[in-house]
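>>> can't give you the sequence, but here's the structure:
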């Protein structure tokens, strides 16, 4: 098990299937906030589906095809750290040298730079350690917070996939942002 500090009171750790109950509690706090921006298969509604989401990412990690890490925030002692969000590789293909990074965060943890820091860590690892050439960030064009993270990571907007995925009110556009290995400079 490892943990990487993000700030004095936040850390990044693997989000594994045995944490399904904690993940579900976190999703219950974040559900209304993140539901418009993440796929319905991510927003688990019960313990079995929470475990299935985490198992899907664990299986992807075992195949070297993805992964998921949680962000835990510590409050005043003796409070236990609380899962407040995370980052993931939605896809990871070393043969093609391409991966897609993503994120989510509950409202109580916003405005602290946690996502930019955590996403920067996994992008840096993908580029420097794994030799990934292109890191993509896909988001709904209306998701201003996600676009702001892409910009802070030094990504450029490649374009829009029009009506690419189904959404609650009809088909939804997806903006694609990316950074190439020779452009990558880890954010401070």
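Nice, I can see it. Keep in mind that this is a model prediction, so the values were computed, not measured.
>>> by contact count, what packs against the helix or strand of the chain with the lowest mean pLDDT?
Lowest on mean pLDDT, DSSP states H and E among the helices and strands of the chain sits helix 20-34, with a mean of 88. Helices and strands touching helix 20-34, as assessed by 3 or more CB pairs under 8 Å, 6 or more residues apart in numbering; DSSP states H and E, comprise helix 47-62, strand 82-93, strand 98-105. Every residue, glycine included, has its C-beta placed from N, CA and C.
>>> reformat the ones you listed as JSON lines; add mean neighbour count, distance to residue 15 and mean pLDDT.
Below are the helices and strands packed on helix 20-34 laid out as JSON lines (neighbours: other CB atoms under 10 Å; distance: least, CB to CB, whole Å; pLDDT from 0 to 100):
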{"stretch": "helix 47-62", "mean neighbour count": "17", "distance to residue 15": "6", "mean pLDDT": "95"}
{"stretch": "strand 82-93", "mean neighbour count": "22", "distance to residue 15": "6", "mean pLDDT": "95"}
{"stretch": "strand 98-105", "mean neighbour count": "22", "distance to residue 15": "11", "mean pLDDT": "95"}
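>>> so which of these is nearest residue 135?
Closest of the helices and strands packed on helix 20-34 to residue 135 is strand 98-105, at 5.6 Å (criterion: CB to CB).
>>> right, and the helix or strand after the closest one?
helix 114-124 (DSSP states H and E).
>>> if we can go back for a sec, export the helices and strands packed on helix 20-34 as CSV, with columns for distance to residue 121.
Shown next, in CSV, are the helices and strands packed on helix 20-34 (distance: least, CB to CB, whole Å):
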stretch, distance to residue 121
helix 47-62, 16
strand 82-93, 8
strand 98-105, 10
